[in-house]
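>>> everything below, folded, please.
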Amino acid sequence: MKIRKTKQAERGVYKYSYQVRTENGGYTTETVVLRPGEDGVTEMDIKRLHALDDSEVYYNCKNLRPERSDEEKERIKAFEKEYVQKFKLQHGYEPNKDAIKDAISKAFPSNYNLSLDFAFENEIDEDKSSVIAATAVPFDDKFEWSEEMEDIRELLSDKQREVLDLKFIDGYTQKEIADMLGVSKMAITKRLASAYDVIRKNMKR
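Numbers count the residues shown, from 1 in each chain. I've put the predicted structure just below:
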């Protein structure tokens, strides 16, 4: 969960990271840096990506500690009183403050309304991913499954190979792939973007 905005001095470029499987079966994090003027990336692309990040940070922070309404505060008071009474009846003594606090946090989680903005948050992520995919992957109609591509394909993770095969060999759309794999379209976009980046870096010009 992103809760800090990118420093102003670092906003001239945009960085995003993804997981790549290593030969020993583990995972390592790789970071891609998008720069204006490279691979079709414009200053507006960079600004838009940071703006989407800012929106994500705003909603994440807003939902971490939402302000409780007066009605909820009254419900908490009533719950606390009832909880103490039931606890005392069952155990013969009153619960300590930590036990009461824990019971309240479980009954009234402080991030209870996080799900209300979850759909909007997903829209932000998906929009951001589509920008990354469009700017970081300079593919055109010349893309084909050549012998060179077969070699590069071995450098991809299982998930990257899977979505690439479904899209370019089987001809499914990203939405269809997402439905088939039971994940969001955003997840498919990110997998394709990371796969494209590996291909771009290893394909001979």
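>>> least confident secondary structure element in this protein?
None of the helices or strands of the chain scores lower by mean pLDDT, DSSP states H and E than helix 118-136, at a mean of 48.
>>> please identify which helix or strand holds residue 17.
In the assignment (DSSP states H and E), residue 17 maps to strand 14-21.
>>> for that strand, what is the average pLDDT?
The average pLDDT within strand 14-21 is 78.
>>> how about that strand: buried residues?
Residues 14, 16, 18, 20 are the ones in strand 14-21 that count as buried (16 or more other Cβ atoms under 10 Å). Where you see a C-beta, it was placed from the backbone N, CA and C, and this is true even at glycine.
>>> gap between the first one and residue 194?
So the one you mean is residue 14. For residue 14, the distance to residue 194 equals 15 Å [Cβ to Cβ, to the nearest Å].
>>> cool, the second one as well?
According to Cβ to Cβ, residue 16 stands 9 Å off from residue 194.
>>> can you tell me the closest non-neighbouring residue to residue 191?
Residue nearest to residue 191 in three dimensions, not counting chain neighbours: residue 163, with 4.7 Å by Cβ to Cβ, 6 or more residues apart in numbering.
>>> pull the residues that contact the helix or strand hosting that neighbour.
Assessed by DSSP H and E, residue 163 sits inside helix 158-168. Residues from elsewhere that reach helix 158-168, judged by Cβ atoms under 8 Å, 6 or more residues apart in numbering: 21, 143, 145, 153, 156, 172-174, 177, 180-181, 188, 191-192, 194-195, 198.
>>> now, of the residues you listed, which are buried?
Going by neighbour count (16+ other Cβ under 10 Å), these have 153, 156, 172, 174, 177, 188, 191, 192, 194, 195, 198 buried.
>>> look at the fourth one and report its pLDDT.
When you say that, I think you mean residue 174. The model's pLDDT for residue 174 equals 82.
>>> whichever strand or helix holds residue 80: how far from the chain's middle?
Per DSSP H and E, residue 80 falls inside helix 70-91. Distance, stretch centre to chain centre, for helix 70-91: 37 Å (Cα atoms, centre = their mean, to the nearest Å).
>>> please tell me how far residue 202 sits from residue 58.
In terms of Cβ to Cβ, residue 202 sits 38 Å off from residue 58.
>>> could you do residue 186 as well?
Distance of residue 186 to residue 58, computed by Cβ to Cβ: 19 Å.
>>> more neighbours, the two?
For residue 186 and residue 58, the more surrounded residue by other Cβ atoms under 10 Å is residue 186, and the numbers stand at 19 against 14.
>>> so what does the more buried one have for phi and psi?
phi -60, psi -40 (degrees, to the nearest 10).
>>> quick one: pLDDT of it?
Residue-level pLDDT assigned to residue 186 equals 78.
>>> likewise residue 36?
For residue 36, the predicted pLDDT is 91.
>>> quick one: it is in a strand?
No. Residue 36 is assigned coil when assessed by DSSP: H, G, I helix; E, B strand; the rest coil, not a strand.
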